[in-house]
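*Asks:* requesting a structural model of the entry that follows:
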Amino acid sequence: MIVTDAWEPQVNGVVRTLGRTIKELKDMGHKIELVTPADGYYTLPLPTYSEIKLAIGARADIEHRFEVFEPEAVHIATEGTLGLTARRICIENKFPFSTSYHTQYPEYISARFPIPESWGYAYVRWFHEMSGRVMVTTRTMKELLESKGFKNLSIWSRGVDIEQFSPSLRTEDRGPFKGMEGPIYLYVGRVSVEKNVETFLKQNLKGTKVVVGEGPAFEDLKNRFKDTVFLGAKFGTELAQCYANADVFVFPSLTDTFGLVILEAMATGTPIAAFDAPGPRDILPGTKAGIIGNDLKANIEAALKLDREEVAKTAQNYTWRACAQEFFHNLDPVPLMERRKIWQRVKSALSLKRKRRIID
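*Replies:* As a prediction, this is how the structure comes out:
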């Protein structure tokens, strides 16, 4: 059973990662019960991030699905209302579960509200403290969270579809960038304050800066940076063509835990320019796929000189099947004999709870 507050129609790295991991797990023969806000629950939009819907009053239904499905393992992917509900159900029934740390919420919250990061870390540390395995994207994130007092951390990396994101999509007329002055510097992702897009747009560069994506800062940045082309959100082949026809992919974020878009750009042969931050720090050093450092403009100019064939080769080290296998290994399912004992106890407890509800 996988419980997540982030799911379609949201467009972000968490949703893409879960979607591809679930597909690979099913192809490997595993059965998945997926609990999401799209399952008919009453929802409210998350403040400042309205695409995320917080499900309210889902406990009874999740308990029922939990009992019927009898999962061998429960994974809680997000720290929202569904994640909180599933966490409570597992703890009350003494059922082991794993979690994952997809997003640096303390940093995101502090970027939007006058709330100290320490408060955010207190919450997420509490959320994950009972997890048997907390999955993180990179070694850098593992070390960071260990320094914040997190326990039971394991790495769960990411993958990329090298058939969908292919160097063959690069065309002489530059496809979606036809007629624009080169070089083309591309950003793809959510257009919001925590992504640090403004730092990229402030760079004085010869050529054209292009932003693909939407978000709460979209209109403000579009009005202020007239020399930048804002294309809005792109999907599927159109998105892959944007990656392939750019000259440098710029990743200005300082708060991402990985940056799935980095792999997508690399798979098309487009070199990366980024800060020395979690994600780029774990993917790029030791490769010929990108440049990281504290001077973004210098990184961009250096990335222009990289060999696109070498960039594309680096992306081949990341597959979704390997990602799914790593996820499954981290789940550590309950052994069969112990599982039978647990489920006898759980079913008895949930049955008694239903009877009390009827009486009440």
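*Asks:* residue 265: what's it in contact with?
*Replies:* 165, 186, 188, 243, 246, 249, 272 (CB atoms under 8 Å, 6 or more residues apart in numbering). In this view, the C-beta of every residue, glycine as well, is placed from N, C-alpha and C.
*Asks:* quick check, the fourth one in a strand?
*Replies:* Spelled out, that is residue 243. No. The assignment for residue 243, made by DSSP: H, G, I helix; E, B strand; the rest coil, is helix rather than a strand.
*Asks:* list the contacts for it?
*Replies:* 165, 169, 186, 188, 249, 264, 265, 267, 268, 270.
*Asks:* residue 136 and residue 179: what is the separation?
*Replies:* 43 Å (CB to CB, to the nearest Å).
*Asks:* counting neighbours, go ahead and name the busier of those two.
*Replies:* residue 136 (25 against 7; other CB atoms under 10 Å).
*Asks:* all strands for the stretch 101-250 of the chain, in order.
*Replies:* Using DSSP state E, counting those that start in this stretch, the strands of the stretch 101-250 of the chain run over residues 134-136, 153-155, 184-188, 208-212, 228-232, 248-251.
*Asks:* mind putting these into TSV with distance to residue 283?
*Replies:* Converted to TSV, the strands of the stretch 101-250 of the chain look like this (distance: least, CB to CB, whole Å):
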stretch	distance to residue 283
strand 134-136	14
strand 153-155	13
strand 184-188	16
strand 208-212	20
strand 228-232	25
strand 248-251	10
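*Asks:* among those, show me which one is buried the most.
*Replies:* Ranked by mean neighbour count, those are led by strand 248-251 with a mean of 27 (mean count of other CB atoms under 10 Å).
*Asks:* which elements pack onto that strand?
*Replies:* With contacts taken as 3 or more CB pairs under 8 Å, 6 or more residues apart in numbering; DSSP states H and E, strand 248-251 sits against strand 184-188, helix 260-267, strand 272-274, helix 296-303.
*Asks:* nearest to residue 128, of these?
*Replies:* Across those, residue 128 has its closest neighbour in helix 260-267 (21.4 Å, CB to CB).
*Asks:* convert the closest one to CSV, retaining C-alpha atoms only.
*Replies:* The C-alpha trace of helix 260-267 is given here as CSV (Å, rounded to 0.1, in the frame of the first residue of the first chain):
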residue,chain,number,x,y,z
LEU,A,260,14.4,14.8,-11.8
VAL,A,261,14.5,17.4,-14.5
ILE,A,262,18.3,17.2,-14.5
LEU,A,263,18.2,13.6,-15.6
GLU,A,264,15.6,14.4,-18.3
ALA,A,265,17.8,17.2,-19.7
MET,A,266,20.9,15.0,-19.6
ALA,A,267,19.1,12.2,-21.4
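*Asks:* just the angle between that helix and strand 184-188, please?
*Replies:* Note on geometry: by axes from the mean of the first three to the mean of the last three CA atoms, to 10 degrees, helix 260-267 and strand 184-188 are set 140 degrees apart in direction.
*Asks:* list the buried residues of helix 260-267.
*Replies:* By 16 or more other CB atoms under 10 Å, the buried positions in helix 260-267 come out as 260, 261, 262, 263, 264, 265, 266, 267.
*Asks:* same check, this time on stretch 118-128
*Replies:* Going by neighbour count (16+ other CB under 10 Å), the buried part of stretch 118-128 is 120, 121, 124, 125, 127, 128.
*Asks:* next up, the contacts around the last one.
*Replies:* When the contact criterion is CB under 8 Å, 6+ apart, the partners of residue 128 are 99, 101, 134, 150.
*Asks:* how's the chain carved up into domains?
*Replies:* With domains defined by automatic domain parsing, the chain comprises 2-159+321-359, 167-315.
*Asks:* not counting sequence-adjacent ones, nearest residue to residue 174?
*Replies:* Nearest residue to residue 174, sequence neighbours excluded (CB to CB, 6 or more residues apart in numbering): residue 245, at 4.7 Å.
*Asks:* so that neighbour sits right up against residue 169, yeah?
*Replies:* Yes. Here residue 245 reaches residue 169: they are 7.3 Å apart, a contact under CB atoms under 8 Å.
*Asks:* what is the nearest of the contacts of residue 128 to residue 282?
*Replies:* Nearest to residue 282 among these, counting by CB to CB, is residue 101 at 14.2 Å.
*Asks:* you'd agree that closest one is up against residue 138?
*Replies:* No. The pair residue 101 / residue 138 is not scored as a contact, 10.7 Å apart, by CB under 8 Å.
*Asks:* looking at those two, which is more packed in?
*Replies:* Neighbours were counted for residue 101 and for residue 138 using other CB under 10 Å; residue 101 has more, 25 against 21.
*Asks:* would you list the phi and psi of the more buried one?
*Replies:* phi -110, psi 90 (degrees, to the nearest 10).
*Asks:* contacting residues around it?
*Replies:* 124, 128, 134, 135, 136, 137, 141, 145, 150, 257.
*Asks:* rerun that using 7 Å as the cut-off
*Replies:* Going by CB atoms under 7 Å, 6 or more residues apart in numbering, residue 101 touches 128, 134, 136, 141, 145, 257.
*Asks:* ok, it to residue 134 distance?
*Replies:* Using CB to CB, residue 101 is found at 6 Å from residue 134.
*Asks:* check residue 98 too.
*Replies:* 7 Å.
*Asks:* ok, residue 262 next?
*Replies:* Taking CB to CB, one finds residue 262 at 23 Å from residue 134.
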